[in-house]
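Student: next come a sequence and a model predicted from it.
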Amino acid sequence: MKHARHDLDPVIHSPVRFSIMAVLVAVDECEFSSLRETVELSDSSLSQNVTTLERSGYAAVSKRQVGRRTHTWISATPTGIAAFARHLDTLRAIAGI
């Protein structure tokens, strides 16, 4: 019999990326600075972790002009939403709830 921990998603299992995904699955999209403040990360740490999520197909990044400034928006992809749900189900199985 295989222990449920083997089903944890290694990309989402990082506490930082888990926190980012938890925010993203709850909203349509989130502006970079709002996400940074919510998960309490530096710009560089958030950028690195969002890049990992984007490369895994779990997040999408878009840039838009707001006035004279470019803002970065991040959203969870359908693949990312499904992966996060599976990860939560695995955590619940491990916890026995």
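Tutor: Yes, it's here. Just so it is clear, the model here is predicted, and its values are computed rather than measured.

Student: for this structure, what's the longest helix?
Tutor: Secondary structure of the chain per DSSP state H: the longest helix is helix 78-95.

Student: who does that one touch, helix- and strand-wise?
Tutor: Helices and strands in packing contact with helix 78-95 are listed as helix 15-24; criterion 3 or more Cβ pairs under 8 Å, 6 or more residues apart in numbering; DSSP states H and E. Heads up, the C-betas are built off the backbone N, CA and C, glycines and all.

Student: list the buried residues of the helix it packs on.
Tutor: By 16 or more other Cβ atoms under 10 Å, the buried positions in helix 15-24 come out as 17, 18, 19, 20, 21, 24.

Student: what's the distance between the third one and residue 46?
Tutor: Read it as residue 19. Counting by Cβ to Cβ, to the nearest Å, the gap between residue 19 and residue 46 amounts to 10 Å.

Student: do the first one as well
Tutor: Here residue 17 is placed at a distance of 10 Å from residue 46 (Cβ to Cβ).

Student: equivalent analysis for residue 70, please.
Tutor: Here residue 70 is placed at a distance of 16 Å from residue 46 (Cβ to Cβ).

Student: those two: who's more crowded?
Tutor: Neighbour tally, residue 70 and residue 46, criterion other Cβ atoms under 10 Å: the higher count belongs to residue 46, 22 against 9.

Student: now do the contacts for the nearest residue to that one once chain neighbours are set aside.
Tutor: When the adjacent residues along the chain are set aside, residue 46 lies closest to residue 36, with 4.9 Å between them (Cβ to Cβ, 6 or more residues apart in numbering). Residue 36 makes contact with 42, 43, 46 under the criterion Cβ atoms under 8 Å, 6 or more residues apart in numbering.

Student: quick check: pLDDT value at the residue positioned nearest the centre of the chain.
Tutor: With distances taken as Cα atoms, centre = their mean, the residue of the chain nearest its centroid is residue 21 (2.5 Å). pLDDT, residue 21: 98.

Student: same thing with residue 67?
Tutor: 87.

Student: number of residues surrounding it?
Tutor: The tally of other residues near residue 67 (other Cβ under 10 Å) stands at 6.

Student: and for residue 31?
Tutor: Neighbours of residue 31 under the rule other Cβ under 10 Å: 14.
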